[in-house]
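1. sequence unavailable; structure follows:
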Ligand SMILES: O=C(O)CCC(=O)C(=O)O
Ligand SMILES: [Fe+2]
């Protein structure tokens, strides 16, 4: 594939942010500011996920779980099917997921924070609080380490996303006062009504090779190359690790699809729609997709695997845009420059995207949970039906 089909992306070094030297830290923040003004994603190296202390990294271990899960027979995997769970956790089989009405050629397990369910009286008032509760894991006898490794990876991602949010605050704002972190931790918003309800989602995903005619006995749509269709992540920031397959693409502001090459040493960080909203659009949520094509390079590698952790605002948070005067001069300048360049190149200030702007932005004065509920009930109608949830209006 031609070199100029590769998406421009910065590589940031997390060890600079973790450094005790203020100048090194500052350098990281400067680069992050630049990344915030780009297409909406960057590579991050030297994180706790990829560190190899003694043998396999946490990323390697979670990929091993992902691979071994999909080696189990379908009926064994179905023992943790997602519609067993009123909290929308568990396995979705091949062909059961859609993006904008079209079938995604992938299957996956969904996870969230491992917590007690919220009392029924509160869930009756705010159905989205049903999103909180326990996960489904395979017993160790069927998939050794499933629970332990996934929970360890989930927690490492949670910490990393909190830490990155502090760095984003420095990159974005005049003054660092925890005003971004409060969205994740649930201070303020609808805290009085429902308490602080921190949240996140994670998926361990498989994209079966496109050369296969059926997966688990379910036919592939021959004419479709949709691994996952064009979308912007609905939450805060996403930490994505992929196997060595191509297929991930991001859309340029001119609407062109560009490749995001896999990197075993890096985590891909995507900005989501809620941080886009909070930053008044200064940060662009990356419009992206995964192609599942039958090229020979991919076929030699077998099924594509990925693990995505979606850091999220708390369910009780209210996603109000920050006042413009709180944004730093540097970030506004960088944003204006990008806008001018776009105007020169495209004759328009608006980015061209296959995903409508504000796809998952909430109404004013609503809790973020309303949006999370809208998104998830749309993706998993089988869970809605099984648990007789009323669909949001
Ligand atoms: O699997 C990937 O590389 C990307 C997955 C993704 O974009 C998503 O699940 O939101
Ligand atoms: Fe995504």
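-> Happy to help now that I have it. None of the values given here were measured: they were computed from a predicted structure. Ligands and ions are numbered 1, 2, ... in the order given.

2. all helices in the protein, in order from the N-terminus.
-> For the chain, the helices defined by DSSP state H occupy 14-17, 22-36, 58-71, 74-77, 120-125, 146-172, 181-185, 191-194, 273-278, 296-301, 329-346, 368-379, 381-386.

3. buried ones in stretch 102-119?
-> For stretch 102-119, the neighbour count (16 or more other C-beta atoms under 10 Å) marks 103-114, 118 as buried. Heads up, the C-betas are built off the backbone N, CA and C, glycines and all.

4. filter those down to the ones in strands?
-> Among those, the members falling in strands (DSSP state E) are 103, 107-111.

5. tell me which of the residues you listed is nearest to residue 208?
-> residue 107 (7.5 Å; C-beta to C-beta).

6. for that closest one, list the residues it contacts.
-> 70, 91-94, 96-97, 205-206, 208, 215-216 (C-beta atoms under 8 Å, 6 or more residues apart in numbering).

7. got it, and residue 42?
-> By C-beta under 8 Å, 6+ apart, the contact list for residue 42 reads 9-12, 32, 35, 268-269.

8. these, buried ones only, as a PyMOL selection?
-> This is how PyMOL selects the buried members of the contacts of residue 42, with burial counted by 16+ other C-beta under 10 Å:
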select buried, resi 9+12+32+35+268+269
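
9. need the contacts of residue 42 in JSON lines with distance to ligand 1, can you?
-> Below are these laid out as JSON lines (distance: C-beta to the nearest ligand atom, whole Å):
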{"residue": "9", "distance to ligand 1": "14"}
{"residue": "10", "distance to ligand 1": "19"}
{"residue": "11", "distance to ligand 1": "17"}
{"residue": "12", "distance to ligand 1": "19"}
{"residue": "32", "distance to ligand 1": "21"}
{"residue": "35", "distance to ligand 1": "18"}
{"residue": "268", "distance to ligand 1": "8"}
{"residue": "269", "distance to ligand 1": "12"}
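
10. identify the farthest-apart pair in the contacts of residue 42.
-> Greatest spacing in these, by C-beta to C-beta: 32 and 268 (14.7 Å).

11. for the stretch 101-250 of the chain, list the residues in contact with ligand 1, please.
-> Residues of the stretch 101-250 of the chain that fall close to ligand 1, judged by C-beta under 6 Å from any ligand atom: 203, 205, 228, 233, 240, 242, 248.

12. got a list of what the nearest residue to the fifth one once chain neighbours are set aside touches?
-> Once flanking residues are discounted, residue 240 sits nearest to residue 268: 4.3 Å by C-beta to C-beta, 6 or more residues apart in numbering. By C-beta under 8 Å, 6+ apart, the contact list for residue 268 reads 41-44, 238-242, 248, 260.

13. how about residue 264?
-> Residue 264 is in contact with 50, 244, counting by C-beta under 8 Å, 6+ apart.

14. residue 380 too?
-> By C-beta under 8 Å, 6+ apart, the contact list for residue 380 reads 82-83, 88, 92.

15. quick check: it vs ligand 1, distance?
-> According to C-beta to the nearest ligand atom, to the nearest Å, residue 380 and ligand 1 sit 14 Å apart.

16. who in the stretch 251-393 of the chain is up against ligand 1?
-> Contact residues, the stretch 251-393 of the chain versus ligand 1 (C-beta under 6 Å from any ligand atom): 288, 290, 306, 308.

17. closest one to residue 133 out of those residues, please.
-> Nearest to residue 133 among these is residue 308, at 20.3 Å by C-beta to C-beta.

18. pLDDT at residue 296, what is it?
-> Residue 296 carries a pLDDT value of 66.

19. can you name the residue of the chain nearest to ligand 1?
-> Using C-beta to the nearest ligand atom, the closest approach of the chain to ligand 1 is made by residue 306 at 3.4 Å.
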